[in-house]
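Peer 1: Sequence and computational prediction follow.
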Amino acid sequence: MKVIVTGGCGFIGSHVVEELVKRGHEVLVIDDCSLGKMDNVRRFGVKVVVGRSRHVEELARGFDAIVHLGQPSSSPMYRRNPHLVSDVIHDMMHVLEAAREYRLKVIYGSSSSVYNGNPTPWSEPMDIFPSDYYSEVKYYCERLCQLYAMHHDVECIILRFFSVYGEREEHKGPYANLLTQIIWSGLTGKKFIVYGDGSQSRDLIYVKDVVGAILKALEYDLSQSPVKFEIFNVGTGRSFTVREMIELVGSQGLDVNFECGHPYPRFYIRETLADTWRMRHVLKYEPRYEVEEVVPRLIEYYKRIFQRE
């Protein structure tokens, strides 16, 4: 396949690029490098166009699919700059227009944040009630995909990522996964701030499992579907509290300096937990990695990163 990956220099995107190249696919990366970094993909020998995702429309001829990950990926970013909402929608329209014109399949990286306000576990048919700019723009982009599928037969698969952690998050700083930040705290001695008593929980999924789900989505046959549109949760169906994450990192010999009792931000998500039935039985993807087996490797990875710095 010939695949465009927007946001391909970023955390999840660079892992997608790595696996696509490993499997012999041709890859074009589009990334403005506002959060990702070129070093994440330089060694893979792919072409990188530095720019916004909207440039895809000029480059898409001859490709088979777009994996669209090139969006700001954290609620605080949108609180600081609400104009990101219009930028993200503008980019999404160009992605979908490119897909319509050149008959490309679209894999869109959405977020479990859209479910906030619903009881867990979160399942795809639930009603969505966006509570912040981030969840609103993610859900709006999902609905645009659905419209293009209905009106133009553009094949679109929405993947709602839960709490993704793994290697190459160092450039994300305060926007990195909670588990990753706890590891950093253990390695650096910097105090980790905990909202409330640490009982809030996250459905943690390793980045390589997210990549596996994306590859399955690229292979998923929508040609016989009357509406060329699907939504899948990408999680594990298992959640960890912040305190459990701290204990897990501590069990590997890292002393995490943490402080509980800080007030929850408004609209803070207290719990995430995926209903993974559709991912496992319809998409036919089964997560392979357990948090407990990955954490020791992550600690060694970030230890090397911090030593180099």
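Peer 2: It's in. Computed from a predicted structure; not experimentally measured. Numbering: from 1, shown residues only.
Peer 1: ok now stretch 73-90, how far from the chain's centre?
Peer 2: 16 Å (CA atoms, centre = their mean, to the nearest Å).
Peer 1: got the buried residues for it?
Peer 2: 73, 74, 75, 77, 78, 84, 85, 87, 88 (16 or more other CB atoms under 10 Å). (Each C-beta comes from the backbone N, C-alpha and C, glycine too.)
Peer 1: out of those residues, which are inside helices?
Peer 2: In helices, defined here by DSSP state H, the members of the buried residues of stretch 73-90 are 75, 77, 78, 84, 85, 87, 88.
Peer 1: For this structure, just list every one of the helices.
Peer 2: Using DSSP H, helices in the chain cover 11-22, 56-59, 75-80, 84-102, 133-152, 178-188, 207-219, 242-250, 277-281, 291-308.
Peer 1: Tell me who's in contact with residue 223.
Peer 2: residue 155 (CB atoms under 8 Å, 6 or more residues apart in numbering).
Peer 1: ok so, going back, format the buried residues of stretch 73-90 as TSV; extra columns: distance to residue 187 and pLDDT.
Peer 2: TSV is the format used below for the buried residues of stretch 73-90 (distance: CB to CB, whole Å; pLDDT from 0 to 100):
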residue	distance to residue 187	pLDDT
73	23	81
74	22	82
75	26	85
77	25	87
78	29	90
84	31	93
85	35	94
87	34	95
88	33	95
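Peer 1: So which of the helices of the chain is the most surrounded?
Peer 2: Scoring the helices of the chain by mean neighbour count under mean count of other CB atoms under 10 Å gives helix 11-22 as the most buried, with a mean of 23.
Peer 1: residues making contact with that helix?
Peer 2: Applying CB under 8 Å, 6+ apart, the contact partners of helix 11-22 are 1, 3, 5-8, 27, 29, 31, 36, 40-41, 44-46, 67, 69-70, 109, 161, 164, 166-169, 171-172, 207-208, 210-211, 214-215.
Peer 1: hmm, back to that, how about the ones in helices among the buried residues of stretch 73-90, which pair is most distant?
Peer 2: 75 and 87 (15.6 Å; CB to CB).
Peer 1: Please give the number of neighbouring residues around residue 23.
Peer 2: Here the number of neighbours of residue 23 (other CB atoms under 10 Å) works out to 9.
Peer 1: ok, now which ones touch it?
Peer 2: For residue 23, the residues meeting the contact criterion (CB under 8 Å, 6+ apart) are residue 215.
Peer 1: From residue 211, how far off is it?
Peer 2: 11 Å (CB to CB, to the nearest Å).
Peer 1: and what of residue 81?
Peer 2: From residue 81 to residue 211 the distance is 29 Å (CB to CB).
Peer 1: again, but for residue 283
Peer 2: 14 Å.
Peer 1: Which residues are in contact with residue 213?
Peer 2: 159, 232, 234, 279, 283, 285.
Peer 1: neighbour-wise, which of those residues leads?
Peer 2: residue 234 (28 neighbours).
Peer 1: List the beta-bridge partners for that residue.
Peer 2: residue 161 (DSSP bridges).
Peer 1: who's in contact with it?
Peer 2: Contact analysis of residue 234 by CB under 8 Å, 6+ apart lists 159, 160, 161, 162, 205, 209, 210, 213, 274, 279.
Peer 1: and those as TSV, adding pLDDT and distance to residue 189?
Peer 2: As requested, those are exported to TSV (pLDDT from 0 to 100; distance: CB to CB, whole Å):
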residue	pLDDT	distance to residue 189
159	98	36
160	98	35
161	98	30
162	98	29
205	98	28
209	98	30
210	98	30
213	98	36
274	98	33
279	98	38
